[in-house]
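**Student:** Have a look at this prediction, sequence included:
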Amino acid sequence: EPEVTQTPSHQVTQMGQEVILRCVPISNHLYFYWYRQILGQKVEFLVSFYNNEISEKSEIFDDQFSVERPDGSNFTLKIRSTKLEDSAMYFCASRGQGNTGELFFGEGSRLTVL
Amino acid sequence: QKEVEQDPGPLSVPEGAIVSLNCTYSNSAFQYFMWYRQYSRKGPELLMYTYSSGNKEDGRFTAQVDKSSKYISLFIRDSQPSDSATYLCAMTLSGGYQKVTFGTGTKLQVIP
């Protein structure tokens, strides 16, 4: 069964460092997303991406965040200068073509900022 | 008022019980409704997906949507210890690039 894959599964970084989280969405999907889940809290939308540009972003997704689809398969989230409060699980998700709502998630990348 | 409200639980039931999980929402424009299951420190796994009002059944799981009341439910029949997880309701305006909005999740424990 096709799946969304994410790397790394866990990253520990120092405050102020840059972090790149990587995702390989399901191959024929067109819409890509990043979500965040702080421990014990809800899954929160960060950004959606379609046709090589950001479609929608939340107020969480400020200037320190960026997304990129550098080739036909990878989808990355960059955090330029990490803060303690960026510690969370980051989930990549993708959605297929057509007017349906089904969203498929990866297993997540756990980011710990010290 | 929160966009999506979900009782966080925890909900503890004996094995074999029928479980009812519920969410209410405020945005009447939501069209697609989903239930996800999430195990600790894992990604959400799509369980059920429904469009607009109505019922949908898949094995032991039944999803109900009542758009007039802005209320959705997930029923689990013959609950198993392996059903122990956090259940997230989620909804979206439409497909395409539209974001999916999640409830806070209900933690379920099924006791053998």
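**Tutor:** Received it, and whenever you're ready, just let me know what you need.
**Student:** shaky segments in chain B?
**Tutor:** Scanning chain B for pLDDT under 70 picks out B:1, B:95-96.
**Student:** Would you pull up the residue in it closest to chain A?
**Tutor:** Nearest residue of chain B to chain A, counting by CB to the nearest CB: B:Tyr32, 2.9 Å away. C-beta: built from backbone N, CA, C; applies to glycine.
**Student:** For stretch A:15-25, output the C-alpha coordinates as CSV.
**Tutor:** C-alpha atoms of stretch A:15-25 as CSV (Å, rounded to 0.1, in the frame of the first residue of the first chain):
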residue,chain,number,x,y,z
MET,A,15,18.2,26.6,19.6
GLY,A,16,19.0,28.8,16.6
GLN,A,17,20.1,26.1,14.3
GLU,A,18,18.5,25.3,11.0
VAL,A,19,16.5,22.1,10.5
ILE,A,20,15.2,20.4,7.4
LEU,A,21,12.5,17.8,7.6
ARG,A,22,12.0,15.6,4.5
CYS,A,23,8.9,13.9,3.2
VAL,A,24,8.2,11.6,0.2
PRO,A,25,4.4,11.9,-0.5
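**Student:** Okay, buried residues for it please.
**Tutor:** By 16 or more other CB atoms under 10 Å in any protein chain shown, the buried positions in stretch A:15-25 come out as A:19, A:21-25.
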